[in-house]
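Q: one predicted model, sequence on top.
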Amino acid sequence: MGDVVGALDQGTTSTRFMIFDHGGNEVARHQLEHQQLLPRAGWVEHNPTEIWERTRAVIETTLNKAGVNKSDMVALGITNQRETTVVWNRRTGRPYYNAIVWQDTRTDRIAAALERDGRGETIRHRAGLPPATYFSGGKIQWILENVEGVRRDAEAGEAVFGNIDAWLLWNLTGGRDGGVHVTDVTNASRTMLMDLETLDWDDQLLSFFGIPRAMLPRIRPSSAPDPYGVTRAEGPLHGEVPLTGDLGDQQAATVGQVCFEPGQAKNTYGTGNFLLLNTGEDLVRSKAGMLTTVCYKFGESKPVYALEGSIAVTGSAVQWLRDQLGIISGAAQSEALARQVDDNGGVYFVPAFSGLFAPYWRSDARGAIVGLSRYNTNAHLARATLESICYQSRDVVEAMREDSGVSLDVLKVDGGVTANELCMQLQADILGVPVSRPVVAETTALGAAYAAGLAVGFWRNTDELRQNWNEDKRWLPQWDDDRREKSYAAWKKAVERTFGWIDVE
């Protein structure tokens, strides 16, 4: 077998390992789910040790399936669920507490306090983010304040923090036996702790959360010719494969969708939805509720920035129909059920389970199903669930146009929900622009592979990557403008009904 690149994609619900050839084609993959721990309303946790065990297992299984030797693998890239926060002991390798997941809302008081006393403006300006439960800074503060011994160990330099990328990089490169404690600029830009201009941790931001600087990983580019480290012989790769790519999952998908030009955008449909618009080397500060984030930094080149619209609950709303309501047996069934009706029957579902993210940033919101009458069935609810994914995406597209002046002529889409053809048709109808899905729908893993492979010259440049991109299917809008605007107005009315449901101190 010729040379290949490996990509480890550690997501919110599962971990997968994929191997790609030079054409960007998938050679092999294996995927395993991990437990979603929900100890209280609004709390979402993962077990970091379980995630590391799943990581080892998916790498070993994929290599065996593909018959790939470590000598065939020229580089390894990592992509990860962002903001999910792990604090562990660098001597023992043991986490002090479960990973606190990006969807978790326990830090709402921390976020509200930052907003109340004006520190929120400093965070917005320096980090490009509003103070919100979503980001890592408040989660680290919560662990420091609520888990015994962590503050003491952090000040002694023994307790360290990482998002999931840093946790896996540390373990892959030896763990307590010399593991490398690094992250990349895209992950660091999701903490509320990094200055977007200097690309370094900011002492004033750290002071807002009471976080000792010694806890934090070193910030590196997303694609690094000088590797972050090499895998250890006793690890799942059984040998020294250079780790040269690291990107948060949404930035990785942007790279996988080859959105390398300013004005190009992609929307990833996963647990949540994440729409990123490449703004080039310009740092566009949002006035409309978008996030300003680092899109990628390749080697010594200048960083490329993006505007991002993050939506907390999209694919996980379909999971909720399956797991909590029991009205479907699997995600694919949501499409068949929704197709039983021609419209939503007046029902709108706003799945604000973790409050509302972009462009509203309302942690006081909670989910609501409105417009119900006796006539409505589970099919209407299934359709309203799919529509909620598309309406939330439109909210974000509208806000991006306000910030950047860019009107999309096509929306590139990827992620699991894009297999739902009705949902993609609804997306085209609700947005009023064509929707395009690529042949390789797993663009997140592909982006991590691209970042790793560019670093070692496996791909020469981004032009070579563009040639790998091929369209699989395109959906064109079918609704007329009148239906589109009336439906969107009703959606906005439904969103307002979710505001102020819980009191945030």
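A: Great, that's in hand. Numbers count the residues shown, from 1 in each chain.
Q: which elements pack onto the longest helix along the chain?
A: In the chain, taking DSSP state H as the definition, the longest helix is helix 378-404. Here helix 378-404 touches strand 265-269, strand 273-280, strand 304-311, helix 315-320, helix 331-338, strand 348-350, helix 421-431, helix 481-498, going by 3 or more C-beta pairs under 8 Å, 6 or more residues apart in numbering; DSSP states H and E. To be clear about C-beta, it is placed using only N, CA and C from the backbone, and glycine gets the same treatment.
Q: deepest-packed of those, please.
A: Neighbour counts (mean count of other C-beta atoms under 10 Å) averaged over each of the helices and strands packed on helix 378-404 peak at strand 265-269, with a mean of 28.
Q: orientation of it relative to helix 378-404 in degrees?
A: Interaxial angle, strand 265-269 versus helix 378-404 (axes from the mean of the first three to the mean of the last three C-alpha atoms, to 10 degrees): 150 degrees.
Q: what pairs with strand 265-269, and is each one parallel or antiparallel?
A: Neighbouring strands of strand 265-269 in its sheet, by DSSP bridges, are strand 273-280 (antiparallel), strand 411-414 (parallel).
Q: closest to residue 297 out of the ones you listed?
A: With C-beta to C-beta as the criterion, residue 297 lies closest to strand 273-280 of the strands paired with strand 265-269, at 12.7 Å.
Q: so after the closest one, what's the next helix or strand?
A: Following strand 273-280 in sequence order, the next helix or strand is strand 291-296 (DSSP states H and E).
Q: any idea how far that following strand is from the middle of the chain?
A: Taking the mean of its C-alpha atoms, strand 291-296 sits 12 Å from the chain's own mean (C-alpha atoms, centre = their mean, to the nearest Å).
Q: could I get the average pLDDT for stretch 455-462?
A: Averaging pLDDT along stretch 455-462 yields 94.
Q: what's the end-to-end length of it?
A: End-to-end distance for stretch 455-462: 11 Å, by C-alpha to C-alpha, to the nearest Å.
Q: could I get the buried residue list for it?
A: For stretch 455-462, the neighbour count (16 or more other C-beta atoms under 10 Å) marks 455-456, 458-459 as buried.
Q: cool, and stretch 235-245?
A: 235-237, 241-245.
Q: ends of that stretch, how far apart?
A: Note: stretch 235-245 ends 18 Å apart using C-alpha to C-alpha.
Q: now stretch 301-316
A: Chord length of stretch 301-316, first to last residue, is 37 Å (C-alpha to C-alpha).
Q: who's the closest spatial neighbour of residue 37, skipping the chain neighbours?
A: Spatial nearest neighbour of residue 37, chain neighbours left out: residue 45 (4.1 Å); criterion: C-beta to C-beta, 6 or more residues apart in numbering.
Q: mind checking how far that neighbour is from residue 354?
A: 14 Å (C-beta to C-beta, to the nearest Å).
Q: residue 163 now?
A: Taking C-beta to C-beta as the measure, residue 163 and residue 354 are separated by 18 Å.
Q: tell me which of these two has more neighbours.
A: Neighbours were counted for residue 163 and for residue 354 using other C-beta atoms under 10 Å; residue 163 has more, 28 against 23.
Q: so what's that one bridging to?
A: For residue 163, the beta-bridge partners are residue 85 (DSSP bridges).
Q: isn't it up against residue 184?
A: No. Using C-beta atoms under 8 Å, residue 163 is not in contact with residue 184, being 9.7 Å away.
Q: mutual contacts of those two, please.
A: Shared contacts of residue 163 and residue 184, defined by C-beta atoms under 8 Å, 6 or more residues apart in numbering, comprise residue 248.
Q: read off the pLDDT value for the residue lying closest to residue 240 once chain neighbours are set aside.
A: Nearest non-adjacent residue to residue 240, counting by C-beta to C-beta, 6+ apart: residue 230, 4.1 Å away. Listed pLDDT for residue 230 reads 93.
Q: okay, residue 230 and residue 166: tell me how far apart.
A: Residue 230 is 16 Å from residue 166, where distance means C-beta to C-beta.
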